[in-house]
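Peer 1: Predicted model and sequence follow; I will ask about them next.
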4 protein chains.
Amino acid sequence: MNTHTLDLDSAVIATRAEVAELHAELVRYGLVAWTGGNISGRVPGHELMVIKPSGVSYDNLTPENMILCTLDGVVVAGTLGSENSPSSDTAAHAYVYRNMPEVGGVVHTHSTYAVAWAARGEPIPCVITAMADEFGGDVPIGPFAIIGDDSIGKGIVETLTGHRSRAVLMQNHGPFTIGRDASDAVKAAVMLEDVARTVHVARSGGELVSIPQDRIDSLFHRYQHVYGQH
Amino acid sequence: MNTHTLDLDSAVIATRAEVAELHAELVRYGLVAWTGGNISGRVPGHELMVIKPSGVSYDNLTPENMILCTLDGVVVAGTLGSENSPSSDTAAHAYVYRNMPEVGGVVHTHSTYAVAWAARGEPIPCVITAMADEFGGDVPIGPFAIIGDDSIGKGIVETLTGHRSRAVLMQNHGPFTIGRDASDAVKAAVMLEDVARTVHVARSGGELVSIPQDRIDSLFHRYQHVYGQH
Amino acid sequence: MNTHTLDLDSAVIATRAEVAELHAELVRYGLVAWTGGNISGRVPGHELMVIKPSGVSYDNLTPENMILCTLDGVVVAGTLGSENSPSSDTAAHAYVYRNMPEVGGVVHTHSTYAVAWAARGEPIPCVITAMADEFGGDVPIGPFAIIGDDSIGKGIVETLTGHRSRAVLMQNHGPFTIGRDASDAVKAAVMLEDVARTVHVARSGGELVSIPQDRIDSLFHRYQHVYGQH
Amino acid sequence: MNTHTLDLDSAVIATRAEVAELHAELVRYGLVAWTGGNISGRVPGHELMVIKPSGVSYDNLTPENMILCTLDGVVVAGTLGSENSPSSDTAAHAYVYRNMPEVGGVVHTHSTYAVAWAARGEPIPCVITAMADEFGGDVPIGPFAIIGDDSIGKGIVETLTGHRSRAVLMQNHGPFTIGRDASDAVKAAVMLEDVARTVHVARSGGELVSIPQDRIDSLFHRYQHVYGQH
């Protein structure tokens, strides 16, 4: 399939539109500043992903300037937007898609309260029912890793594989969230900052009441299987 | 009365419109994230309530997709919106309407500061006059209870029956507020988060000055009876 | 002059418009919730003031529903808006106008950080130059006083008379600010919350550096006399 | 070149437009209150700068009311906007342009968290990778200095000359940021408040994990030279 055909492929078109539009949620919930943060989505039926371009204002994101990449993080030459650079976090997103086939969306932000836990290297304890619902327990810390090779992607995959949480706080860096599609990963990013802030505020006022493990388990089970809306 | 008739009933139409529109206040005051939170209203003259559908974006709430339920929390088949599921907190709202006949509206959110007090299982002390006006004293903590039976509804009713406060902080979960109608319950949710945040900030800076009980009493009395605008 | 003539008086018309419009600034800066907070303005050339009606949504404030009162806080019968009740804080505003002839505007809010200092009965220390500019030193605490007589008005006047600060934090209640006109009092309310928040955050992180008194004096002097824009 | 010609010069026109428009970013990111804060830009090819007028509402800033000044901070008589006073911080901006030829833009705000660090006279420690990227290490404190002579400008220049950081926190006062152009300085102001808030929140929750100096160095190097988008 040549690149011209890719731009006409309905799965690519739909993923471009979804990924572009979802970036507005990061702005709406105050998770990003300036051009920071990025969302990607796997293109169903292809070994491809769509991701935000680097250094473009949130006001100017469109389906057409989203960037189509292989799952090795290489821009597909000749497609829409390919004249720009993809997000500098592209390698990390690509690593996740290659190693976690069930993941259809990845989000990265530097949202304030999530980064605050990451700067202390401290998991967020599960003391509110919304956290049990959404993350099934504590939100874990991933290793310190810097851009330049696959160490960020590896850290995400090693931390989240087999974990209930769809969110990891990369130490001194910030959160990555995953989901069955891009929207689900964005929801996880929004809810993560919400619980990161709430638990921070709660603990700053005194001692937290813990939730028994069996209650966390049953809340998580219901939310995933009965409610079916995570 | 058949369900078609219900969709034409002016009390049902008015309650749908009021409940749908009030959800915008939860967004305006930053009390909710993603599809979390819910408002219900009792339908005057019927053993019915109107509540938010489950998992629908706040951008897409309309009078037509609000869900009409009996006071047992059962969707009234064949009415507008009945193809969707009602809020997963419907049983708790319904329990309140069945057991507190003076209540015409119920609101549930996971607003940050209210949940923070709930995660410590700590009532909010009444140290500001706005709290004396609105809640008549401390905002109480309700029991830990999880979804699945009537335990949340029971916890709300047992805590608020005979209490001045229209708000309860369900432990490790979050606030439920009640009111004579849905708007009054939304006002209580807005003011609750406001005082939860203010008292949190106040105490984090040092020792609070308490308000003598007789002053709390006279502020509450004036606000309820003289001012008449709660 | 009869009341019909008052509604045609250009000073009354201008004050109604100014006071109505300024309320939007309280919303813009997040100083108020629901229908709380109020602004008044003295009508130049008359023994009259214009104030917000009680219990009306900020979305619905117009020049026509502002309420014209005497400086005893009595609604001028037959004028626009006089069918509604004036703000329940009208007596306090009126007391200020009667006793501080240089004051042309009064603002009251329950803004979060200002109320937090008030709940501890603690003046805000002047540790940032913006505070020296605007308030000339610490922002003082006024007495505990509740609605029902002139005690709130008296507390404001006794605290602010001869004081550099245009803001007072009434203990356990919240801020009142004054100005040469309504806009100036609104500016003081906005800047007060800004410095109340900043100094709270600053002190929560460690020890503050004080500013020498002579520097505070020279900053205040320049801002009032050279800059001329307070 | 006479002043009429200056108003027709394309470099002046472009700088007026850029500086006027960028002020909206200070509002968008909540960095300013009322008429506080200011942005300036050097006019390429001239010994001139464009700066915000004093005391004008952010709603009313236009290219035409921006003020054209020499690099001594003197308004160029007869040009657009010259009937108004330039920002009271003009002397500080001008001093920076005279002494740091590589600087094309300067921003000053009283943003909450940056001022909080300044009120303690405490540099912001570099514990998050975004800070290493953007500022290359700690954000430094500048001396206490008040308006009236060149002491603020001198303090900025002495602190930032040879420093990686494009931001300085003037003690008890607030941040000044510089950039290769006005947009770059605004980005620095936005990112500064973001990291000032995040590190404040992080430390208020417990002990921070430091980042090894060589990792800070390599992050900064990549961001400036490889990424090329600071």
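Peer 2: Structure's in. What do you need? Numbering: from 1, shown residues only, chains lettered A, B, ... in the order given.
Peer 1: where exactly do the strands run in chain A?
Peer 2: For chain A, the strands defined by DSSP state E cover A:38-43, A:48-51, A:67-70, A:105-108, A:141-142, A:167-170, A:174-179.
Peer 1: can you give me the helices in chain A?
Peer 2: A:3-8, A:10-28, A:90-99, A:112-120, A:129-135, A:151-160, A:182-204, A:213-221 (DSSP state H).
Peer 1: closest to B:Ser88 out of the ones you listed?
Peer 2: helix A:129-135 (9.5 Å; CB to CB). No exception for glycine: its C-beta is placed from N, CA and C like everyone else's.
Peer 1: Any part of that closest one near chain B?
Peer 2: Yes. Residues of helix A:129-135 contacting chain B under CB under 8 Å from any CB of the partner chain: A:Thr129, A:Ala130.
Peer 1: Can you give me the buried ones in that helix?
Peer 2: For helix A:129-135, the neighbour count (16 or more other CB atoms under 10 Å in any protein chain shown) marks A:Thr129, A:Ala130, A:Met131, A:Ala132, A:Asp133, A:Glu134, A:Phe135 as buried.
Peer 1: Show me what from chain A comes close to chain B.
Peer 2: Close to chain B, as judged by CB under 8 Å from any CB, chain A has residues A:29, A:127-130, A:187, A:190-191, A:194, A:197-199, A:201-202, A:204-209, A:211, A:215, A:218-219, A:222, A:227, A:229.
Peer 1: so where is chain A shaky, pLDDT-wise?
Peer 2: Scanning chain A for pLDDT under 70 picks out A:1, A:226-230.
Peer 1: For it, which residues are neighbours of chain D?
Peer 2: A:33-36, A:54-55, A:88, A:110, A:112-113, A:115-122, A:144, A:146-148, A:171-174, A:200, A:203-204.
Peer 1: Contact partners for A:Pro140?
Peer 2: A:Pro123, A:Thr159, A:Leu160, A:His163, A:Ser165, A:Val168, A:Leu169 (CB atoms under 8 Å, 6 or more residues apart in numbering or on different chains).
Peer 1: Format those residues as CSV; extra columns: distance to C:Leu71 and neighbour count.
Peer 2: Below are those laid out as CSV (distance: CB to CB, whole Å; neighbours: other CB atoms under 10 Å in any protein chain shown):
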residue, distance to C:Leu71, neighbour count
A:Pro123, 61, 16
A:Thr159, 67, 19
A:Leu160, 67, 22
A:His163, 67, 16
A:Ser165, 63, 23
A:Val168, 63, 27
A:Leu169, 59, 28
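Peer 1: ok, those vs A:Thr3, which is closest?
Peer 2: Distances from A:Thr3 to the contacts of A:Pro140, taken by CB to CB, are shortest for A:Leu160, at 32.2 Å.
Peer 1: OK, contacts around the closest one?
Peer 2: A:Met100, A:Pro140, A:Arg166, A:Val168, A:Ile178.
Peer 1: Would you mark the buried spots in stretch A:144-154?
Peer 2: A:Phe144, A:Ala145, A:Ile146, A:Ile147, A:Asp150, A:Ser151, A:Ile152, A:Gly153, A:Lys154.
Peer 1: now the end-to-end length of it.
Peer 2: End-to-end distance for stretch A:144-154: 11 Å, by CA to CA, to the nearest Å.
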